[in-house]
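Chemist: Build the 3D model from these lines:
(4 chains)
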There are 2 protein chains.
Amino acid sequence: MSEKATTNLQSIRDEFVAQWGIMGTQWGINRTMAQIHALLMTSPEPLSTDEVMDELTISRGNAHTNLKELVGWGLIRILTKKGERKEFFEAEKDVWEMFRRICQERKRREIDPALAVLTRCKEETEGMDSAEAMAFNSQMKELEEFVSFGAKMSERVGGMQHGKAMQLAMKLFG
Amino acid sequence: MSEKATTNLQSIRDEFVAQWGIMGTQWGINRTMAQIHALLMTSPEPLSTDEVMDELTISRGNAHTNLKELVGWGLIRILTKKGERKEFFEAEKDVWEMFRRICQERKRREIDPALAVLTRCKEETEGMDSAEAMAFNSQMKELEEFVSFGAKMSERVGGMQHGKAMQLAMKLFG
DNA sequence: ATGAAATTTCAATAATTACTGAAAATAGAT
DNA sequence: ATCTATTTTCAGTAATTATTGAAATTTCAT
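Modeler: Predicted structure coming up:
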């Protein structure tokens, strides 16, 4: 029974990894990266590159690239055992911490560049006096203000401790 | 000078459309769809399929597919002039309304399916008593709770009037 | 310094996704 | 009911993105 339970757990976990991969692609994240993340999130202990390769049946290059990409997102970290050169990877498992990291990185990679475009388009049409130009300028301004406000909000929320944030949310939406 | 201003506005607008397209791809949205959205967001009046094709130099099929996709997201709407069969497309320009639509659709398309996976993985490991299974179960539970909480929050915020939401945000983060 | 064990890179290829253009279907004016 | 403008579909193709696998590089124990 213990054996059956383990087998069953394994198959559910595999299913989770596969599904997370599919969800990833729908989010615009590459499948392998999402799968590795799911794998490490549900791994009792850190895994080496070779173990990840084996579990997911992927090449070394693929495993390596996506592991490093996940490190870049701050969603996994590298561990080493003393006297070994080999690297092991461990996922951040705390959901609030995960959320914070994703917010931070999305801001850096997606929001900030978008803001730069909006600001530039706004500024370059600042003096124009045709009706069209004024409408364009004001649209850019509204977008810019909204995005920048949203970014600030997420910065604030992401800066809070889990407990504080929950407390706040509860107060808002009892 | 009016002519020069117009020319200049045109080029800035083109730049905006192009940049928005690139940003789109980084968000996992297809380039053309993002470009059409940018084009319509900054168009003084509704555009027909042919006009979109011309502006972006894309095929009819491409224009059609992405226009309909944007309608599906609730980010643009169809207008018809009486006595004409031709359809014209107009973007939602209010940023708060845009935000609401995007929240709604992302919930429907991305969050809800993710929740379904998490719930199933949680439930199917509910009775298991190995340490591994319990850790997996609890990880699924934490993810599920967090995502479902986030979904509820966004539902609440998305249900508010712009003014109310701003008021609230100000109170929080004055 | 050397060698073994690991990581990193990258050109070639596979897989996926986006786009075209023309044919088929549809809807509305007459 | 017919004709025509318009929308819709979709097979073929192009463009993009992901993956492989092997060679190059690095690191560290000896």
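
Chemist: So if we follow the domain assignment, how does chain A break up?
Modeler: A:2-91, A:95-173 (automatic domain parsing).

Chemist: Let me have those in JSON lines, extended by distance to residue B:26.
Modeler: In short, each C-beta sits where N, CA and C put it, glycine included. Putting these into JSON lines (distance: least, CB to CB, whole Å) gives the following:
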{"stretch": "domain A:2-91", "distance to residue B:26": "8"}
{"stretch": "domain A:95-173", "distance to residue B:26": "6"}
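
Chemist: Can you add mean pLDDT and mean neighbour count and give these back as CSV?
Modeler: Listed next are the domains of chain A as CSV, based on pLDDT from 0 to 100; neighbours: other CB atoms under 10 Å in any protein chain shown:
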stretch, mean pLDDT, mean neighbour count
domain A:2-91, 94, 16
domain A:95-173, 92, 16
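
Chemist: Out of those, which gets nearest to chain B?
Modeler: Chain B lies closest to domain A:2-91 among the domains of chain A, at 1.6 Å (CB to the nearest CB).

Chemist: gap between that closest one and the chain center?
Modeler: With CA atoms, centre = their mean, to the nearest Å as the basis, domain A:2-91 stands 15 Å off its chain's centre.

Chemist: Can you show me the helices along chain A?
Modeler: A:2-27, A:31-41, A:49-56, A:60-72, A:95-106, A:112-124, A:131-159, A:162-173 (DSSP state H).

Chemist: Could the C-alpha coordinates of the second one be exported in CSV?
Modeler: Taking Å, rounded to 0.1, in the frame of the first residue of the first chain, the C-alpha atoms of helix A:31-41 are listed here in CSV:
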residue,chain,number,x,y,z
ARG,A,31,7.1,24.9,-21.6
THR,A,32,10.4,23.5,-20.2
MET,A,33,10.9,26.4,-17.9
ALA,A,34,7.5,26.0,-16.4
GLN,A,35,8.0,22.2,-16.1
ILE,A,36,11.3,22.6,-14.3
HIS,A,37,9.7,25.1,-12.0
ALA,A,38,6.9,22.7,-11.2
LEU,A,39,9.3,19.9,-10.7
LEU,A,40,11.5,21.8,-8.3
MET,A,41,8.5,23.3,-6.4
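
Chemist: Taking their axis directions, it and helix B:131-159 sit at what angle?
Modeler: 120 degrees (axes from the mean of the first three to the mean of the last three CA atoms, to 10 degrees).

Chemist: ok so, going back, would you format the domains of chain A as TSV with distance to chain B included?
Modeler: Shown next, in TSV, are those (distance: least, CB to the nearest CB, whole Å):
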stretch	distance to chain B
domain A:2-91	2
domain A:95-173	4
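
Chemist: Relative to DNA strand C, which of the ones you listed is closest?
Modeler: domain A:2-91 (3.5 Å; CB to the nearest atom of the strand).

Chemist: Run through who's touching stretch A:129-145.
Modeler: A:115, A:118-119, A:121-122, A:125-126, A:128, B:2, B:5-6, B:9, B:12-13, B:16, B:41-42, B:44, B:93, B:95 (CB atoms under 8 Å, 6 or more residues apart in numbering or on different chains).

Chemist: for that stretch, the distance to its chain's centre please.
Modeler: 32 Å.

Chemist: Same check on stretch A:117-125?
Modeler: The chain centroid and the centroid of stretch A:117-125 are separated by 29 Å under CA atoms, centre = their mean.

Chemist: Give me the contacts around that stretch.
Modeler: Contacts for stretch A:117-125 (CB under 8 Å, 6+ apart): A:133, A:136-137, A:140-141, A:143-144, A:147, B:9, B:12-13, B:15-16, B:19-20, B:23.

Chemist: Dead centre of chain A: give me the residue that sits there.
Modeler: When CA atoms, centre = their mean is applied to chain A, the residue found nearest the centroid is residue A:102 (3.7 Å).

Chemist: Could you tell me which residues make contact with it?
Modeler: Residues in contact with residue A:102 (CB under 8 Å, 6+ apart) are A:73, A:75.
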